[in-house]
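J.: got a predicted structure here, sequence first:
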Amino acid sequence: MTMSLPRLPRLGHSLRELLHARRLGALGTVDAHGGVFVSMVPYAIDTASGRLVLHVSGLAAHTHHMQANPQVSLLVTGADAPGAPVHDLPRATLQALADAPAPGSAAWASARAAYLGRFADVAPMTELPDFRFVTLQVTGARQIAGFGSARSVTADEMAQVLGA
């Protein structure tokens, strides 16, 4: 007997489409002095673990910030189209906890497979000792599906959105 997951609401499907269609997000981290730092990062979705995957350099400021404080935020937006109202742009701000799986572990292998599934051209970079995978366990989100269509999304629904 197989158990089925509860069905996603209509906006859950829109959120899944947004996150799968886009490849870049604005990552918010907190520095040692409490300052907010935002950087652009490519991301993949590991449907096996229900986590987002980043591949970051040990030299990057955001990597050091995540090591000291794993609470992060990732903003993903739909594509801006000329002439379209910017307030209708779909977007989601995800709150998450960052974790760097140990190289060679099952979690690392899963993260690597998901990342290379989306960005096959960076395979050589995954072998560089300075780079590491970071997974983001989403703890909640705020979704704007268009003007007047906003909602908070629970961690449980995000697990469905990010899962297989």
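T.: It's in. Residues are numbered from 1 along each chain as shown.

J.: check the residue positioned nearest the centre of the chain and give its pLDDT.
T.: Residue closest to the average C-alpha location in the chain (C-alpha atoms, centre = their mean): L52, at 4.0 Å. L52 is assigned a pLDDT of 98 by the prediction.

J.: contact partners for it?
T.: Y43, A44, I45, D46, L74, L94, A96, T135, L136, V138, L162 (C-beta atoms under 8 Å, 6 or more residues apart in numbering). Every C-beta, even on glycine, is put in place using the N, C-alpha and C of the backbone.

J.: is the second one in contact with R118, as I believe?
T.: Yes - with the criterion set as C-beta atoms under 8 Å, A44 and R118 qualify as a contacting pair; they are 4.1 Å apart.

J.: ok, A114 - how many residues close by?
T.: 22 (other C-beta atoms under 10 Å).

J.: OK, contacts around D99?
T.: When contacts are taken as C-beta under 8 Å, 6+ apart, D99 is in contact with P70, V134, T135, L136, Q137.

J.: can you tell me the SS state at the second one?
T.: Recorded secondary structure, V134: strand (DSSP: H, G, I helix; E, B strand; the rest coil).

J.: name the nearest residue to it, sequence neighbours excluded.
T.: Once flanking residues are discounted, V134 sits nearest to L54: 4.5 Å by C-beta to C-beta, 6 or more residues apart in numbering.

J.: nearest residue to T135 in space, please, no chain neighbours.
T.: R51 (4.3 Å).

J.: what about that neighbour, distance to L162?
T.: Using C-beta to C-beta, to the nearest Å, we find R51 at a distance of 7 Å from L162.

J.: got it, and G34?
T.: Distance from G34 to L162, by C-beta to C-beta: 29 Å.

J.: okay, the two: which has more neighbours?
T.: A direct count of neighbours by other C-beta under 10 Å for G34 and L162 places L162 higher, at 22 against 7.
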